[in-house]
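Trainee: the following comprises the amino acid sequence and a computationally predicted model.
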Amino acid sequence: MFLKAAAFVSLLVLAPAKPATVLLDGTAQPCADVKESTSGVPRVHVYAFDASKIPTIRKSLDALDSLDWENGDPDAMRAASAEYTKLLARVQKSKSLGYAMSDGNGNFEINVQPLDSVLVFGEAKMPGEPFYYSSRVVPAMDKEEVRVILLMCNQQLL
């Protein structure tokens with residue numbers, strides 16, 4: 001019995017420890033087209049979600065990506081505005097893994113539990129811009145830290 005216990009303890013010692021949390025170390029950056037600022041975007045609300053548990057948020061993001069509102073079509077703009085409003089309501093209602101607001105340099109940090117896929121969503125109010133958001137799905141398994149760059153764009157600039 002003692003040998004079995006000693007063998008089990010030695011396996012625990014030799015097995016690499018998995019991190020209890022993963023640090024999402026990120027920055028919110030202006031789009032490459034924006035030249036007036038070289039620093040990050042401050043005051044971005046950044047949320048982390050288990051990507052597998054937020055189908056309605058992903059549906060809204062997909063819908064916004066599929067709308068061709070960049071050309072100024074009024075019907076597409078109305079549809080995009082309605083979908084963006086739904087998206088923000090869904091973000092507020094959904095259970096997040098973590099939240100941060102970017103600092104004056106656009107930097108943020110969120111600790112999350114290890115997961116295969118984490119959706120990182122950032123949004124901010126920008127004067128004169130109808131939609132100012134970014135999202136990325138990142139792996140957060142078997143890592144201590146994941147670097148996330150959110151390109152904060154009015155989608156018309158893309």
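Mentor: Received the coordinates, thanks. Numbering: from 1, shown residues only.

Trainee: so which residue is dead centre in the protein?
Mentor: V120 (1.0 Å; C-alpha atoms, centre = their mean).

Trainee: show me the contacts for it.
Mentor: By C-beta atoms under 8 Å, 6 or more residues apart in numbering, the residues touching V120 are 24, 26, 46-48, 110, 135-138, 148, 150. Backbone N, C-alpha and C define where each C-beta goes, glycine included.

Trainee: can you do 6 Å?
Mentor: Shown in contact with V120 (C-beta atoms under 6 Å, 6 or more residues apart in numbering): 48, 136, 148.

Trainee: give me the element the first one is part of.
Mentor: When you say that, I think you mean A48. Counting by DSSP states H and E, the element that carries A48 is strand 45-50.

Trainee: partner strands of that strand, with direction?
Mentor: strand 98-101 (antiparallel), strand 115-123 (antiparallel) (DSSP bridges).

Trainee: what's the helix or strand just after that strand in contact with?
Mentor: Per DSSP H and E, the first helix or strand lying C-terminal to strand 45-50 is helix 55-66. Contacting residues not belonging to helix 55-66 are listed as 83, 86-87, 90, 135 [C-beta under 6 Å, 6+ apart].

Trainee: tally of neighbours for the closest residue to I54 other than its chain neighbours?
Mentor: Nearest residue to I54, sequence neighbours excluded (C-beta to C-beta, 6 or more residues apart in numbering): S94, at 5.3 Å. For S94, the number of neighbouring residues by other C-beta atoms under 10 Å comes to 16.

Trainee: how close does S94 get to P127?
Mentor: Applying C-beta to C-beta, to the nearest Å, the value for S94 to P127 is 27 Å.
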